[in-house]
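J.: structure for the following, please:
(2 chains)
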Amino acid sequence: MRWLPMVSVLLFAAAVLVWGAAWGPWFLSEPPRPLIGVASRAVQARKCVDCHEEVVEKFAGAPHQVTLRPGADPAVAERFAGRTVAFGDETYRFDLDRGTLQFTAVESGQTATIDWVFGSGNHALTPVILTHEPWGGTAMIEAMATWYADDQLDLTPGTEDTGAQMGELGRYHDFADTVGCFECHSSYLPIGEDRIDVDRMHPGVSCARCHLGAAEHAETDGEQPTQVAWSELSALASISRCGECHRRADEFTADELVPENQLLIRFAPVSMSQSACFQVTMAGPDGREGRRLDCLTCHDPHQVTNRDPQFYVTQCLACHHGQQGAAPDCGAEPMTSQCLDCHMPKVPVSDRLRFTDHWIRVRTPQNGD
Amino acid sequence: MALLVGIQPISDAGLWWEMSRGRAVLQGEMAPSRHLLALDTGAEADWLGGTLPFTLYQFFGATALMVARVLAVLGFVYALNWRAGRSSGSARALLLAAALAVCKAAFDPGAKLFDLCLICLIGCWGPRMVEPGAARHGALSLAVIFCVFANLSPHVVVGVIVLLLILLAGWETHSRLTFRFAAAAMSAAVIGGCLTPRGVFTWWDSLRLTFPWLVTQSWVLQESPWKPLHLTSWGAAEWVFLLWSSLFLLVAIRDRSPTAVATWAGVQLLAWPCGANLALAGAWLACATASAMRRQGCRAIEGGADRPGPASMHAAGGAGQRRAKFDPPAGGGSVPQPPASRFWPRRGASERNLRWAAHGLTLLLILFGLELGNLGWGIDEQLDERICRLALAELAPSNNPGGTAFCDDLRSAGMLTWIAPANVKAQDVPSRALLGSRLAEQTLIQGELRSQHRASYWRDDGSRGGWWLTLTERETELLLLSARDTRLIRALEPTIWKPLALDSHVLPYARAGDARYAETMIRVLWQRDFVDVGDWTYTPPQSTGSHFDRDWWGLRSNVDHPDRARQQAAVFRAMRLHHAALKVLAPSMRRWPESGLRHEFARCQAELAHLEKLVAGAPSVFRLLALQVGEHPSEPSLPIFAGLPVGEMLDDARGLGPVATAYAEGHVEGALNRLSEPGPQHAYTAANLLVELGRPAAAAARLDDLIRGEAPVGVVRLAEHLRDKIEKAN
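T.: Just a heads-up that it's a prediction; the model follows:
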């Protein structure tokens, strides 16, 4: 009996060891990380091309693919190089110097290298300069000047509201803000010690960004399906997926979700979710009654943007076709007219930017027209 | 010693939470946590834990809490002293000093104190209760004790482990302890512990709270109050525990006592994987050590020759001797193995030397282990809820639709539940989140707020991240955050969450646009400008005579402390109010030149230099000089200096060196007086100093002159930037 306590201790130690062996990996686990920062989940389009050649070839010209490019990329740099623009008393100039794009505030005498350019060029291209926080974390300066689709340089959107002053190179973004920008414009974003490893980053939105589980799918030669089949999602889930970058309606407050709010025009999934067309098609018991209406109804993210207005009108007429049980006809104009001019017009959000308003509605002066 | 520890302000972060629970119980709630928390759905075993502190505070104020604290310390000391019996006085003093040093964090009225008292009760009197002679009432007493234990505090499982080792120790001493009695004693304890609103699940809850690492992932615990001991910030208590444990193990091995080794193992298992259990482990270790010393004292008496005199004669023929024979060590202390098992040498030069060593160690423990600088009466200022209460006071109950508040720790949640703004419930507290398996989510939300992960995104475990949706689903109306978490405060600056106070120890935040808090929010917005570039100057806080002021019963009017100034400056810096932070630091640096305030000063200067670099391409010379004399350890590697001709800039700064030196010592007025030379850099320096002296009009005038003059474009940009800031604020 004297050794009973010692035996108890040994038994307990053995139990702890067994428990440790069984549960050790779970016990020592790390917190879950953003999927976009996990190397093992990263897969580039060149892997996908083996099986999905046609889609990948089409995707090469899609705006998502080129939404983030190095400043030195000739396709980008040629739109800036050698050009100047003046805001107030300050002149800003872009120059190509030994293959790098330089940005100078002439009167202030500040110069920096443009590291990355955000945007596909469909609407605009905004150059950024990578810099550091006071304590070393990656930060960036969004350049004061942006290139717009009408081939003009002008003030970067939002600069007026952010307190950036003329003479500065642009608007400063801290580490968290910088990560937020790169997360939506890249497909793999390695981060360590508050620093973005831009050398290993996969710029642009490629396959794995939207098709979760693409890495496992590729590794198993397609045996393991990707985690999400988009066609299986409800329309709301589908537009919310797009909304992870283009903003989701449930990330707005009720007083922001009003037709008068011009900011919503920039966030297509949010506007779409408020549309009667969307809400009616979502009204079924599983959210997929009738004809499904989501971003993919009109936009194929795998190819270049369709510029033909008639294509979009055709999508409207698929429901509003005048037959029994169909959505109501237009009472103001003949059904052969251009629906978009009235119901989804292009609305200016700044002097040089116009976006399609996706809040499909009968527009009146009271609701924001 | 007991008084030195007793007369220290109440500083338990769980004070308001315990009192809120007590208030809820006295209002008729049997599950106070469910009543107070939005996410809690279960009953709790220790539902009565808050009733005593609440009753004391409600009827007699903070003085009653302090009296309870003092009495608790005295009782603890008495129990250990009694348990140590007739062992050497110097050894007992050393034991008490060590025990107080390790357990000093657990004497505030509340669950921790109940834990400590009941472990002490079981450890010190347990051996008496399981004596064969006490068999008739022992089991019943144990059932009552464990019933009380389980209803008052959460660590009843530790009591059972201690009892088990006491019983094992009883066997080890070959006493007449029978298996039947031991089984009855254990059964009584287990059944007693089940007599709570949680019933048999009391034990499961207690096990999870005592050994959270068994069921919770390590990354969750590392961010929680239950982080492993080696990851906590080490002070005297941790070092004393380490040394004491080591000594205990050596003696146990020397004595070849399996029970003592088992006790040592239990104590280590309690403390190391979960630093929050340190005081509890210390109490157990103290009881075991006291028992070992008692046995040694009794053996000395039994031996007779070593300690002649009335005491030995009395004990040898009296009850003491008989008791010693059947008295197993508490929690398995040292076991009689004469002559080897001596905790203390009994005579001669070695005894004298050891006695002097013990006196010396005791003195060291008193000086460095008992936190004598912490003396005071009342409640620690870190628990001051008055500013938070004022900030939330404008919430009109009539038009409040309700909602919840996300609180980052126990103190914040406790403060909210105590203030109880109309219809707003705290979402969770760490202990209930742990029991409800919500702690990981709580930790992740905090991480997302810190990293500004607002929008929805996917994680590698398939879960969805982003704080917006989670907080919306929880109907979050308020955030209550510790002012110590400056990273979180900084991260919230660009978000929809706006502070309702600037100088509270727990900062409440409400959503911009929330009409109920609009007035407070607007006032705080005005205050931000006022403290940063307005007329405001910092005055060290004076005693208000409340129980939150450590004023030594009104003998001291100034209740300022460098940590207080440093924390306020850090909060201002996190809110990007750098000039306000420097206004706080300057007088404090003059008063405490050797404190860590200079480090905070250097961080402010570095961030201002960074801002200046963004505005003008290079920081001002004054800022560079201030940073250079500000003792920042990693100064040369700061990215601010990358690509700058620092040497040339400093060479040009003739005359500014002494100014920066005076400035870095907190003499802002003196620095201004030393500015004699003309020049744009000097003028810009003067304007900055005037802003920090709370004279914005004079600063603006200087800046206007500078802008109109012929200064280099970089300095003009800086001047314009500061001028705009002053103009907007005033």
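J.: going by C-alpha atoms from here, please, whenever you check contacts or count neighbours.
T.: Will do.
J.: so, low pLDDT: which residues of the stretch 51-200 of chain B?
T.: B:130-136, B:173-176 (pLDDT under 70).
J.: burial measure for the residue in it positioned nearest to chain A, as a count.
T.: Of all residues in the stretch 51-200 of chain B, B:Glu172 sits closest to chain A, at 4.7 Å by C-alpha to the nearest C-alpha. By other C-alpha atoms under 10 Å in any protein chain shown, the residues close to B:Glu172 number 23.
J.: now swap in B:Pro678 and tell me
T.: The burial count for B:Pro678: 9, using other C-alpha under 10 Å.
J.: cool, and the one 5 residues further on?
T.: Residues lying near B:Ala683 (other C-alpha under 10 Å) number 21.
J.: next one: B:Ala565
T.: 23.
J.: and it, how far from B:Trp592?
T.: 10 Å (C-alpha to C-alpha, to the nearest Å).
J.: for A:Ile196, phi and psi?
T.: phi -90, psi 130 (degrees, to the nearest 10).
J.: list the contacts of A:Thr84.
T.: A:91-94, A:153 (C-alpha atoms under 8 Å, 6 or more residues apart in numbering or on different chains).
J.: and the gap between the residue of the stretch 551-700 of chain B found nearest chain A and B:Leu722?
T.: Taking C-alpha to the nearest C-alpha, chain A has its nearest neighbour within the stretch 551-700 of chain B at B:Val615, 5.3 Å off. To B:Leu722, B:Val615 is 10 Å away according to C-alpha to C-alpha.
J.: likewise A:Leu293?
T.: If you go by C-alpha to C-alpha, the gap between A:Leu293 and B:Leu722 works out to 52 Å.
J.: flag every residue of the stretch 251-400 of chain B that's near chain A.
T.: Among all residues of the stretch 251-400 of chain B, those adjacent to chain A (criterion: C-alpha under 8 Å from any C-alpha of the partner chain) are B:258-259, B:261-262, B:265.
J.: buried members of those residues into ChimeraX, please.
T.: The following ChimeraX line selects those of those that are buried, judged by 16 or more other C-alpha atoms under 10 Å in any protein chain shown:
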select /B:258,259,261,262
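J.: which stretches of the stretch 251-400 of chain B aren't confidently modelled?
T.: In the stretch 251-400 of chain B, residues with pLDDT under 70: B:297-351, B:394-400.
J.: try 90 this time
T.: B:251-262, B:265, B:269, B:273, B:291-378, B:380-381, B:390-400 (pLDDT under 90).
J.: then the stretch 151-300 of chain A?
T.: A:157-169, A:171-172, A:192-194, A:206-235, A:250-256, A:259-263, A:276-293.
J.: mind doing that once more with 70?
T.: A:161-167, A:283-290.
J.: repeat for the stretch 551-700 of chain B
T.: B:551-560, B:630-643, B:652, B:654.
J.: inside strands: which ones of the contacts of A:Thr84?
T.: Members of the contacts of A:Thr84 lying in strands (criterion: DSSP state E): A:91-94, A:153.
J.: top of those residues by neighbour count?
T.: Top of the ones in strands among the contacts of A:Thr84 by neighbour count (other C-alpha under 10 Å): A:Tyr92, with 26 neighbours.
J.: which residues pair with that residue across the strands?
T.: Applying DSSP bridges to A:Tyr92 gives these bridge partners: A:Val85, A:Ala105.
J.: looking at chain B, which residue is nearest chain A?
T.: For chain B, C-alpha to the nearest C-alpha, closest residue to chain A: B:Arg459, 4.3 Å.
J.: could you give the bridge partners of that residue?
T.: A:Pro34.
J.: now do the same end-to-end measure for stretch A:110-120.
T.: 27 Å.
J.: who's in contact with the residue in the stretch 251-369 of chain A that chain B sits nearest to?
T.: Ranked by C-alpha to the nearest C-alpha, the top residue of the stretch 251-369 of chain A for proximity to chain B is A:Glu251, at 6.4 Å. Neighbour list for A:Glu251: B:455, B:468-469 [criterion: C-alpha under 8 Å, 6+ apart].
J.: mind doing that once more with 7 Å?
T.: A:Glu251 makes contacts with B:468-469, as judged by C-alpha atoms under 7 Å, 6 or more residues apart in numbering or on different chains.
J.: repeat that for A:Val66.
T.: By C-alpha under 7 Å, 6+ apart, the neighbours of A:Val66 are A:120, A:204.
J.: how does it look with 10 Å?
T.: Applying C-alpha atoms under 10 Å, 6 or more residues apart in numbering or on different chains, one finds that A:Val66 lies in contact with A:59-60, A:117-121, A:185-186, A:203-206.
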